[in-house]
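> Any chance you could fold what I've pasted below:
(chains A and B)
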Amino acid sequence: KQEVTQIPAALSVPEGENLVLNCSFTDSAIYNLQWFRQDPGKGLTSLLLIQSSQREQTSGRLNASLDKSSGRSTLYIAASQPGDSATYLCAAKEEYSGGGADGLTFGKGTHLIIQP
Amino acid sequence: DAGITQSPRHKVTETGTPVTLRCHQTENHRYMYWYRQDPGHGLRLIHYSYGVKDTDKGEVSDGYSVSRSKTEDFLLTLESATSSQTSVYFCAIKGAENTEAFFGQGTRLTVV
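The predicted model follows:
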């Protein structure tokens, strides 16, 4: 059974710093990996999707990398801002041979606070 | 928000009563999912659908049933609500297996 772990569980940094959030998964047979942010009391907002054949994806100040062989993904946030404060979740989509589309396996998230 | 509406957004119900949550999408996406989010457990898959009338169980399906009679609607039913089903429920949609999943705003359900 796939297990996804996110470290650290919480992180507080001053504004302007570059930071890295980590995500590891136990089964490297994944289809893709997706990063989300969740604001308190809100739904999940998709940030980046990395296909298993890709090494990284970029969107603005965000860069996500994927290393299937080591079972790791990282989310890099450049020049952090107070508005980046949220919980960041990674989720792995396993390869599925049954024809249906089973769901994502989520980590428990990293709660990020950017201090003004 | 990628054309997903969950209703109701909040609900308080009594133990033993039936409850139905609705997920409506305007994207014509094939795949729809129901997750629950609980402290200490993160998000877990309850049921999913890969087409009209095509559904399957997820990790935590006991006590839940689903129906999908139209592409745009995916219903989650708690036949007899229990306090352990107090949670925040999220609906998600995807156009294809290898594409992004988009989530609704969630339904906060309290069973008293």
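> List the contacts of the spatially closest residue to B:Gly40 that is not a sequence neighbour.
Excluding the flanking residues, the one nearest B:Gly40 by C-beta to C-beta, 6 or more residues apart in numbering or on different chains is A:Lys108, at 7.6 Å. In short, each C-beta sits where N, CA and C put it, glycine included. Applying C-beta atoms under 8 Å, 6 or more residues apart in numbering or on different chains, we find A:Lys108 in contact with A:Thr5, A:Gln6, A:Ala9, A:Leu89, B:Gly40, B:His41, B:Gly42.
> three-state assignment of the residue nearest to the spatial centre of chain B?
Nearest to the mean C-alpha position of chain B, by C-alpha atoms, centre = their mean, lies B:Trp34 at 3.0 Å. Following DSSP: H, G, I helix; E, B strand; the rest coil, B:Trp34 is assigned to strand.
> Any idea what it is bridged to?
B:His47, B:Cys91 (DSSP bridges).
> Hmm, it is touching B:Tyr89, no?
Yes - shown here, B:Trp34 and B:Tyr89 form a contact pair, counting by C-beta atoms under 8 Å, at 6.4 Å.
> Overlap in contacts, those two.
B:Leu21, B:Ile46, B:Leu76.
> Next, count neighbours for A:Met14.
One thing to correct before we go on: residue A:14 is Pro, not Met. When counting by other C-beta atoms under 10 Å in any protein chain shown, one arrives at 9 neighbours for A:Pro14.
> How about the residues of chain A by chain B?
A:31-32, A:34, A:36, A:42-46, A:49, A:51, A:89, A:91, A:93, A:96, A:100-104, A:106-109 (C-beta under 8 Å from any C-beta of the partner chain).
> Put the buried members of those residues into a PyMOL selection.
With 16 or more other C-beta atoms under 10 Å in any protein chain shown as the criterion, this PyMOL line picks the buried residues out of the residues of chain A next to chain B:
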select buried, chain A and resi 31+32+34+36+43+44+45+46+49+89+91+93+101+102+103+104+106+107+108+109
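> How about B:Gly42, nearest residue that isn't a chain neighbour?
Going by C-beta to C-beta, 6+ apart, B:Gly42 has A:Lys108 as its nearest residue, at 4.2 Å.
> shaky segments in chain B?
B:1-2 (pLDDT under 70).
> in it, which spans are strands?
Secondary structure of chain B by DSSP state E: the strands cover B:4-7, B:10-13, B:19-25, B:31-38, B:42-51, B:54-57, B:64-70, B:73-78, B:87-94, B:102-103, B:107-111.
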